[in-house]
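S.K.: Build me a model:
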Amino acid sequence: MKIVVNGRFLTQPVTGVQRFAIEIVRALINSGHSLQVVAPRGVQDLKLAEEFDVQYIGGSIRGYLWEQLVLPFYCKAQEGPVFLINLTNTAPVVLKQQLVTIHDIATFTHPEFYSKKFVLVYRVMIPLIVRRSFDVVTVSDFSKRELVNRFRVPEGKVSVVSNAISAVFDEAVEDEIKPGPYILAVSSLAPSKNLARLIQAFGVYRRSGGLCRLLVVGAGNSGDRVFTATEALSNGSDDEDVVFLGRVTDTELVSLYRNADLFVHASLYEGFGIPPLEAMSCGTACVVSDIPSLREVCGDAAVYVDPLDVQSISAGMMRVLGCQELVRQMIDRGKERASLFDWTVSAEKIHDVISRHR
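M.R.: So this is what the prediction gives:
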């Protein structure tokens, strides 16, 4: 049976969803599994396309049209059976012999986070591909429960395959970024990321005598545009010690994590939550939202706060920054916790799911 990977994710800006796809494909290839990545034109990282030996199909057709028309036609035109792997929420609705990865169902549980058009497309597509596909993968037990309960699919049809840490986080990097004491956040302007309350909480922390600045890494809602200080501060604070760094390289991000006094992740909703895992792996104490998915990721290695309560978020910051013994405990626990997640293990789980059909 030929294994084909839906490579449309290679044409998209890299967020946590695309990172999952990249690392799973890389781990499958490095483990010696045979597969063919196919993609439309417009791949953003040509080195990555070369690494994956991408086959381009569909001429100038891209996006949803490529995925719904060109990709299934390609699969059906192959000699012998084909099993399609989809790693970033969407998949051809006409195919059954495929695996689809649904990272979360926020468009159903929190439609207010997205545009009406986006919600409509996902509300039509997701139930169809979840019910028609042979297998469904998701990234946490929390997301599995939501999928099973929402779509009434058998639990055995849904497998949990966790995110993990990219290899760059294990590499030695020069710690060039040392802008004094700071709290780090990795966020977009998406409402689910709750950046406005985080900035308000930082303002409370500063007014209470806190010395750290807040550094924010991230892009705008479109994913490819760096948001400005004016955009974010209009939602939360006018504190001049909030610094917006925009997009950074992976190496720069590692340095920012490693040198931070504290990492804060105040999301309202996550299917998994990669940034806290990255922070823990870099030896940085974490304050995170008390929501099920982040409890699942961080275990006893983080301080939990109510993401809807500005005072709770600021109190979490002050609690950690005011106790070096707590920081040391959290660093040790965080590194141990992060070591439990591994891309090779996750890729083998994907391969095991596919092997059921051989």
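S.K.: for the chain, which spans come out with low pLDDT?
M.R.: 172-178, 219-239, 358 (pLDDT under 70).
S.K.: Run through the strands of the stretch 51-200 of the chain in chain order.
M.R.: Counting by DSSP state E, counting those that start in this stretch, the stretch 51-200 of the chain has strands at residues 55-56, 82-86, 98-101, 135-138, 158-160, 182-186.
S.K.: quick one: the helices in the stretch 51-200 of the chain?
M.R.: Counting by DSSP state H, counting those that start in this stretch, the stretch 51-200 of the chain has helices at residues 63-65, 71-77, 106-109, 116-132, 141-151, 195-207.
S.K.: residues in contact with the residue lying closest to K2 once chain neighbours are set aside?
M.R.: Excluding its sequence neighbours, the residue lying closest to K2 (C-beta to C-beta, 6 or more residues apart in numbering) is V82, at 4.9 Å. Using the backbone N, CA and C atoms, a C-beta is placed for each residue, glycine as well. Counting by C-beta atoms under 8 Å, 6 or more residues apart in numbering, V82 touches M1, K2, I3, V4, C75, K76, Q97.
S.K.: let's see 10 Å
M.R.: Contact analysis of V82 by C-beta atoms under 10 Å, 6 or more residues apart in numbering lists M1, K2, I3, V4, Q36, P72, Y74, C75, K76, L95, Q97, Q98.
S.K.: and the fourth one, that's in a strand?
M.R.: Same thing as V4. Yes. Residue state for V4 (DSSP: H, G, I helix; E, B strand; the rest coil) corresponds to a strand.
S.K.: Report the separation between it and L294.
M.R.: From V4 across to L294, the span is 34 Å (C-beta to C-beta, to the nearest Å).
S.K.: per the record, what domains does this protein have?
M.R.: Domains of the chain are assigned by automatic domain parsing as 2-164+342-355, 169-338.
S.K.: Pull out the buried positions in stretch 248-265.
M.R.: Under the neighbour-count criterion of 16 or more other C-beta atoms under 10 Å, stretch 248-265 has 248, 250, 253-265 buried.
S.K.: can you list the strands of the stretch 51-200 of the chain in TSV and add distance to M280?
M.R.: Shown next, in TSV, are the strands of the stretch 51-200 of the chain (distance: least, C-beta to C-beta, whole Å):
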stretch	distance to M280
strand 55-56	37
strand 82-86	29
strand 98-101	23
strand 135-138	21
strand 158-160	19
strand 182-186	13
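S.K.: To V17, which of those strands lies closest?
M.R.: Comparing the strands of the stretch 51-200 of the chain by their distance to V17 (C-beta to C-beta), the top pick is strand 98-101, with 8.5 Å.
S.K.: Which neighbouring elements make contact with the closest one?
M.R.: Counting contacts by 3 or more C-beta pairs under 10 Å, 6 or more residues apart in numbering; DSSP states H and E, strand 98-101 packs against strand 2-6, helix 16-30, helix 71-77, strand 82-86, helix 116-132, strand 135-138, helix 343-355.
S.K.: Strand partners (parallel or antiparallel) of it?
M.R.: The strands beside strand 98-101 in its sheet (DSSP bridges) come out as strand 82-86 (parallel), strand 135-138 (parallel).
S.K.: Name the residues that touch that strand?
M.R.: With contacts defined as C-beta under 10 Å, 6+ apart, strand 98-101 is touched by 3-6, 17, 20-21, 24, 71-72, 75, 82-92, 126, 129-130, 132-139, 159, 161, 350, 353-354, 357.
S.K.: what's the offset of that strand from the middle of its chain?
M.R.: When distances are taken as C-alpha atoms, centre = their mean, to the nearest Å, strand 98-101 is centred 17 Å away from the chain's centroid.
S.K.: what about V4 and L294, which has more around it?
M.R.: Taking other C-beta atoms under 10 Å, V4 and L294 do not tie; L294 has more neighbours (25 against 21).
S.K.: Using CSV, write out every CA atom in the one helix or strand the more buried one maps to.
M.R.: Using DSSP states H and E, L294 sits in helix 292-298. Presented in CSV, the C-alpha positions along helix 292-298 are these (Å, rounded to 0.1, in the frame of the first residue of the first chain):
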residue,chain,number,x,y,z
PRO,A,292,-7.6,20.7,30.8
SER,A,293,-5.2,20.6,27.8
LEU,A,294,-2.5,22.5,29.6
ARG,A,295,-2.9,20.4,32.8
GLU,A,296,-2.3,17.4,30.5
VAL,A,297,0.8,19.0,29.0
CYS,A,298,2.4,20.6,32.1
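S.K.: Quick one: neighbours of A301, just the number.
M.R.: When counting by other C-beta under 10 Å, one arrives at 23 neighbours for A301.
S.K.: before we move on, what about V216?
M.R.: Applying other C-beta under 10 Å, we find 22 residues neighbouring V216.
S.K.: Can you report phi and psi for the closest residue to L195 other than its chain neighbours?
M.R.: Nearest residue to L195, sequence neighbours excluded (C-beta to C-beta, 6+ apart): S187, at 4.9 Å. Backbone geometry at S187, expressed as degrees, to the nearest 10, gives phi -160, psi 160.
S.K.: pretty sure S187 is in contact with E270, am I right?
M.R.: No. Applying C-beta atoms under 10 Å, one finds S187 not in contact with E270, separated by 11.7 Å.
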